[in-house]
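Visitor: here's my sequence, what's the structure:
(one chain, ligands or ions: 1)
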Amino acid sequence: MADDWQLALLNEQVDGARVLDCAQRCRDYVMMEAGREPDALWVTGFFNDIPPERTKDDILMLGIERPDGSLIGLLGMSPGYETQTEWYIGLLVVTENERGAGIGARVVSEVINLAKASGAQTLRLSVFGRNPDALRFWEANGFYQDRVVGDDLVLVRQI
Ligand SMILES: CC(C)(COP(=O)(O)OP(=O)(O)OC[C@H]1O[C@@H](n2cnc3c(N)ncnc32)[C@H](O)[C@@H]1OP(=O)(O)O)[C@@H](O)C(=O)NCCC(=O)NCCS
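Guide: Modelled structure (predicted):
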């Protein structure tokens with residue numbers, strides 16, 4: 001069952017409702033990140049999490065999709081950010097009841113394959129200092145601390 005998913009490209013107009021449904025099952029993370037219940041505004045923010053000086057065409061919003069179309073997680077990335085040979089992971093979240101089963105680690109290896117195939121050499125992301133569980137996850141998956149920005153840790157991984 002744990003392998004019974006695929007990464008699917010998401011579109012704001014078409015997939016907004018199932019992203020909201022998924023966000024509601026990731027409530028703990030949304031509350032920590034946004035400080036409020038998952039809602040339509042959070043979904044809009046997910047689809048518009050665009051790095052500085054980039055456009056919507058530069059980001060990749062994916063769902064971790066079960067065969068029945070339900071989403072058990074979300075993945076937001078910016079290929080080619082911060083540099084041409086980097087991919088920036090803006091968000092990886094798995095629904096609360098699916099965590100700890102290896103899905104996150106397998107998503108990371110799929111991201112590595114995709115990024116490598118496009119010529120990237122590094123993955124980069126930022127983790128809240130108040131999210132030690134996530135830090136443990138990223139470190140277990142080969143990421144290490146590059147710098148500290150305010151309350152956040154910037155992590156990188158060579159691929
Ligand atoms: C971090 C996250 C994406 C990992 O996905 P996952 O499918 O649970 O990951 P895996 O099953 O491959 O790995 C489990 C490891 O992740 C870590 N982990 C972090 N949060 C966890 C949680 N709530 N439940 C279980 N494991 C968690 C643990 O180190 C665990 O290893 P352990 O079992 O040896 O303790 C997922 O736990 C999650 O969505 N967390 C909330 C959102 C978040 O913090 N995202 C990162 C933003 S930078």
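
Visitor: contact partners of stretch 108-120?
Guide: 7, 75, 77, 79-80, 85-87, 89, 92, 123, 141, 157, 159 (C-beta atoms under 8 Å, 6 or more residues apart in numbering). (Each C-beta comes from the backbone N, C-alpha and C, glycine too.)

Visitor: next, count neighbours for the residue of the chain found nearest the ligand.
Guide: Nearest to the ligand in the chain, going by C-beta to the nearest ligand atom, is Gly104, at a distance of 2.3 Å. If you count neighbours by other C-beta atoms under 10 Å, Gly104 ends up with 21.

Visitor: same question for Arg157.
Guide: There are 21 residues near Arg157, going by other C-beta under 10 Å.

Visitor: that one and Gln145 touch, don't they?
Guide: No. In this structure, Arg157 is not within contact of Gln145 by C-beta atoms under 8 Å, at 11.0 Å.

Visitor: partner strands of the stretch of helix or strand Val156 belongs to and their direction?
Guide: For Val156, the host element (DSSP states H and E) is strand 152-158. Taking DSSP bridges as the criterion, strand 152-158 forms sheet pairs with strand 122-128 (antiparallel), strand 144-149 (antiparallel).
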